[in-house]
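*Asks:* just need the structure, nothing else, for what follows:
(chains A and B)
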2 protein chains.
Amino acid sequence: MAHPLLNERDTEFFLYEFLDTEALLQRPRYSEHSREIFDATLKTARTIAEKFFANHNAKGDANEPSFDGEKVLLIEETKQSWDAFSEAGFLAAHCDFEEGGLQLPEIIMRTALAYVSAANIASASYPFLTIGAANLLRSFGSETLKGQFLPQMMDGRFAGTMALTEPDQGSALADIRTSAEPTGDGSYRIRGQKMYISGGDQSLTENIVHLVLAKIKGAPTGVKGISLFLVPKFLLDEHGQVGERNDVKLAGLLHKMGYRNTTSTVLSFGEDQGATGYLIGEPHQGLKYMFQMMNEARISVGAGASVLGYQGYVYSLQYARERPQGRLPSNRDPASKQIPIIQHADVRRMLLMQKAYAEGGLGLSVYATSLYEDQHSAPTEEQRQHAATLLDLITPVVKSWPSKYCLKANELAIQVLGGAGYIREFPLEQLYRDNRLNAIHEGTEGIHALDLLARKVPSKNFQAYQLLQAEIRNTVMQARDKECLVAMANALEAALEKLDETGMALFTQLQENVDRGLSNATLYLDVFGCILVAWTWLRQAIIAAKALDGTVSEEDANFYRGKIHTARFYHEWELPNIQPWIALLQSGNSLPFDMQESWF
Amino acid sequence: MAHPLLNERDTEFFLYEFLDTEALLQRPRYSEHSREIFDATLKTARTIAEKFFANHNAKGDANEPSFDGEKVLLIEETKQSWDAFSEAGFLAAHCDFEEGGLQLPEIIMRTALAYVSAANIASASYPFLTIGAANLLRSFGSETLKGQFLPQMMDGRFAGTMALTEPDQGSALADIRTSAEPTGDGSYRIRGQKMYISGGDQSLTENIVHLVLAKIKGAPTGVKGISLFLVPKFLLDEHGQVGERNDVKLAGLLHKMGYRNTTSTVLSFGEDQGATGYLIGEPHQGLKYMFQMMNEARISVGAGASVLGYQGYVYSLQYARERPQGRLPSNRDPASKQIPIIQHADVRRMLLMQKAYAEGGLGLSVYATSLYEDQHSAPTEEQRQHAATLLDLITPVVKSWPSKYCLKANELAIQVLGGAGYIREFPLEQLYRDNRLNAIHEGTEGIHALDLLARKVPSKNFQAYQLLQAEIRNTVMQARDKECLVAMANALEAALEKLDETGMALFTQLQENVDRGLSNATLYLDVFGCILVAWTWLRQAIIAAKALDGTVSEEDANFYRGKIHTARFYHEWELPNIQPWIALLQSGNSLPFDMQESWF
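*Replies:* So this is what the prediction gives:
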């Protein structure tokens, strides 16, 4: 079976029906573009994905990067994939013309990334991180720094990383110990160790631009003392060319369960004379800057998780259509022909659940990307602010929900194949191993849950939360126009009311005891996510129901019927699962909080 | 961190408090034994597990078996583990003295296996399969066949396999095509291909005894035409010694995501002159015989899944106690010391959930083993029948529930460690990969769901089901004596009533349309499993509450408090999850059944 990427019909649906990507052409920034240009761009991305990424997805997994003491060795196809992607201009697809970019909308660039992620999520990490690092440098770096490093990060000569985590602090950024000492010439000496740095070393590019969180000596304790530095692997000489090696050493490679062709590194900064680093922006504002890259990365992690879920879905679907096995329970004649396993109801359940998770996750991801776009290019300040506010609120969910449920989708994809799903002769077990990372990197699920409940929801007197509620209620109203959607609309509205009540109950609990009040935050994140995805599905169902009112081909009719049926499945089989969770949250059940260490 | 096996306190609890293993000493078969002998036996098993199995768990994963065209190569520690286990007599620990066994109770032999499975589930597969194959031969083979093969399978010279699955039929045993043709000398010529045969080739033993399902030419179609054959890798010569090679060839090794040190093979029988096979028992009764081995294997798969879940739990628990990171939300002082992550409520939630799943699964598994014991050695025929009836009913759940939820436990264990959980430098990702197999082999979850709903529950006018209900109600009654258990008892009783109603609703649906009526069987299995495990937890809580009434050490008091708290967690956080599932089942929701192939 060929490696399935994103089906064109699904891409078309998400870009031009679920989102109104064509409407972006009305915005001045995109006035020189057309739908044809968007589609041609994505066709190129698809071709690159098929030719240069899919070709070594399994090979990169089986032959993970190694370190010979001098150099990191990667299978050569990795370099070819990097070159193909950057030579096509995708690293700068979203940048302005005047900067040398293609000035394409965010959703087009992200869909291009989705194609290569679908083909090979590990090799896609290098461009993905480089784009984020370049964006961060563009937003906060000095003109000098930008002049020195940005062009090469946009054309693929340099790659970028984000270097946050350290061996002794993990998720607790307040406790990083990497230090920065001014040298007097405007640069800093950086010393410390960073861990789990993806792409921290490789042999793809002339140079690597590390964006490093460190504390300037004498800085305030905690997150208020964190600054952001650009620390290149190689220093630039006076002509701006790659010069001598900076004091950044690869202490070792880590060996992951999946995502293997992405190097995961331990980096030592300044073991000898100190690594030369350049301050980005103001001192002590580093975490605030880094949040731009982290937030972008979080949307991308959710999108990547969804794409992996989707890959497993389309693969197992194709397998289920082709693989004959067994008979229906009503057929007692063992001499009759075996049926394709898709005819077994339990297999259809597993496919439907995968579809619900994967296309729900994709819907959530493209919606987040559209908010990102609107935050920057919507016509009015009010619209930009509106989008920014909503995106800020839902980012923890956009990152976490697909990471959890699209992993579950991959678990189901394996189950559809049975023994074949479990062996490396088929691609599903790798998807599952790859996808397991997504609930961990860019903030674990628990961290995002705290962020959502303690910060995002109550922020500015629940302003963002109320905006979101209004958006969802608007969809509920629209859905009521269609007979076939009324039950879903009612279910979603009821869930939304429950979410409100639950929030109120939790904020009362929080007042009493903040530690106990936050102790079930992950459950709240799950409830929130389930409702958000139900909303995403209801929006898809509305589009489908409207389309079915018109004249459509039989193929399209089936496509839309599938959307409505899956939306119903999500509302009837998934949404009710939040009821017991809501009961636990509202009652302030504190069993995990109360559990004593000595009782384990 | 050392490799954690089963904690002795937990083993003691399950053997001597949850089960009354000492009471077995009253039965004539065990009258020559003592608690000291049981304990010494398990101490030996533990030592062997630590010394010969744990030592190569990671190594066997990293260096999976290979085939050089002639021989299967395994890392040498595998052979040492096999030898240590068999030389200690464990392959025959449960066999009668007169047969050369140790005549130990099933639970002691299975606990010994649990130790080695905890240390290295892949290398433990070889003894596990050999024990099952030998048991099958013992039950149904002729005296001649037993004389020829059993002693060597009991002392470790020969290993055993079960060869059921074929490339073109997977779970649908009715459709196997391997053929058997009488030769006239009492033996048969076997021809066909088998797939996913664990241990189908190896370099551990002088010979391998394959128990092969095949159809004698002219046999009835479907499962009624299946016969069981013993097909050795090497034929025996006239002196009963290993002689010439039989016509059984290794067509290839399969490459699994986990369980890697267990060979998974494609075997070709009779590519040349035909493989020589010996009929076991009567013609066409093969599947009935094989069910003995399958049912044993199913209990063991559930136990293995639970042990892997437990391994992840104790490892992540130890890590959480030792790893400092972050502060409580109430602590706003970034200069204060970091706390061990076990102090974060969300980490405690993940540990508590793992404990609930792992010790719930272990409880279910040891209960099933005790039924297996009673089925054979209980004093009265009525007791034996009672145990056999219950075991037959719950086997699908005993196999499936731990395979699903203890995988989830491993997923949580990884999450507790974060990045460290995802890399091969720590043992958790392997547990997760290993455990993913358990929902597939020995019957997929979907197959067991059909077995439970279509066969086991309605069997003999619901006789077994009613027995189980009575057992559970008995526990509910006992629990009501303890104030702290009343809420749990009520919750379980209510769930039990719901299960009854659900069963009735489903059987009505089944009458109308058997295909639709069975379409949600997996959901029913999940409901059933959740209730069974809640029962298992209530039994553990009763024991703990009684113990706390007496005088116990502080350490034991904490142990028992942990049991009660986890039982509450299961009843309050897990049991309510079945409510929406019950609603779906009772209403006959048929969305998966109704989903059309063309809508995907």
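*Asks:* where does A:Thr161 land in three-state SS?
*Replies:* Under DSSP: H, G, I helix; E, B strand; the rest coil, A:Thr161 falls in the strand class.
*Asks:* show me what it is bridged to.
*Replies:* Judged by DSSP bridges, the bridge partners of A:Thr161 are A:His210.
*Asks:* so what's it up against?
*Replies:* A:129, A:133, A:197-200, A:208-211 (Cβ atoms under 8 Å, 6 or more residues apart in numbering or on different chains). Glycine gets a C-beta too; all of them are placed from N, C-alpha and C.
*Asks:* what do you get if the cut-off is 6 Å, keeping everything else the same?
*Replies:* A:Thr161 is in contact with A:129, A:197, A:199-200, A:210, counting by Cβ atoms under 6 Å, 6 or more residues apart in numbering or on different chains.
*Asks:* of those residues, which is the nearest to chain B?
*Replies:* Among the contacts of A:Thr161, A:Ile197 lies closest to chain B (Cβ to the nearest Cβ), at 10.6 Å.
*Asks:* quick one: average pLDDT of the helix or strand where A:Ile394 lies?
*Replies:* Applying DSSP states H and E as the criterion places A:Ile394 in helix A:381-417. Averaging pLDDT along helix A:381-417 yields 98.
*Asks:* quick check: angle from that helix to helix B:381-417?
*Replies:* Per axes from the mean of the first three to the mean of the last three Cα atoms, to 10 degrees, the angle that helix A:381-417 makes with helix B:381-417 is 140 degrees.
*Asks:* from the chain's centroid, how far away is helix A:381-417?
*Replies:* 7 Å (Cα atoms, centre = their mean, to the nearest Å).
*Asks:* residues of that helix that come out buried?
*Replies:* By neighbour count on 16 or more other Cβ atoms under 10 Å in any protein chain shown, the buried set for helix A:381-417 is A:386-417.
*Asks:* what helices or strands is that helix leaning on?
*Replies:* Packing contacts for helix A:381-417, counted by 3 or more Cβ pairs under 6 Å, 6 or more residues apart in numbering or on different chains; DSSP states H and E, involve helix A:286-322, helix A:345-377, helix A:428-435, helix A:445-450, helix A:459-479, helix A:521-549.
*Asks:* relative to chain B, which residue of the stretch 401-550 of chain A is the closest?
*Replies:* For the stretch 401-550 of chain A, Cβ to the nearest Cβ, closest residue to chain B: A:Ser519, 3.4 Å.
*Asks:* confirm that that residue sits in a helix.
*Replies:* No. Under three-state DSSP, A:Ser519 falls outside any helix and is assigned coil.
*Asks:* burial of the closest residue in space to A:Arg245 that isn't next to it in sequence, as a residue count?
*Replies:* In space, and not counting its chain neighbours, A:Arg245 is closest to A:Phe234: 5.8 Å by Cβ to Cβ, 6 or more residues apart in numbering or on different chains. Using other Cβ atoms under 10 Å in any protein chain shown, A:Phe234 has 17 neighbouring residues.
*Asks:* tell me who's in contact with A:Phe234.
*Replies:* Contact analysis of A:Phe234 by Cβ under 6 Å, 6+ apart lists A:207, A:242, A:245.
*Asks:* if I read this right, the second one contacts A:Thr205, doesn't it?
*Replies:* The reference is to A:Val242. No. Judged on Cβ atoms under 6 Å, A:Val242 makes no contact with A:Thr205 at a distance of 9.8 Å.
*Asks:* ok, these two, which is more surrounded?
*Replies:* A:Thr205 (23 against 18).
*Asks:* would you mind listing what in the stretch 351-500 of chain A touches chain B?
*Replies:* Residues of the stretch 351-500 of chain A lying close to chain B by Cβ under 6 Å from any Cβ of the partner chain are A:352, A:418-419, A:422-424, A:429, A:437, A:440, A:444, A:446.
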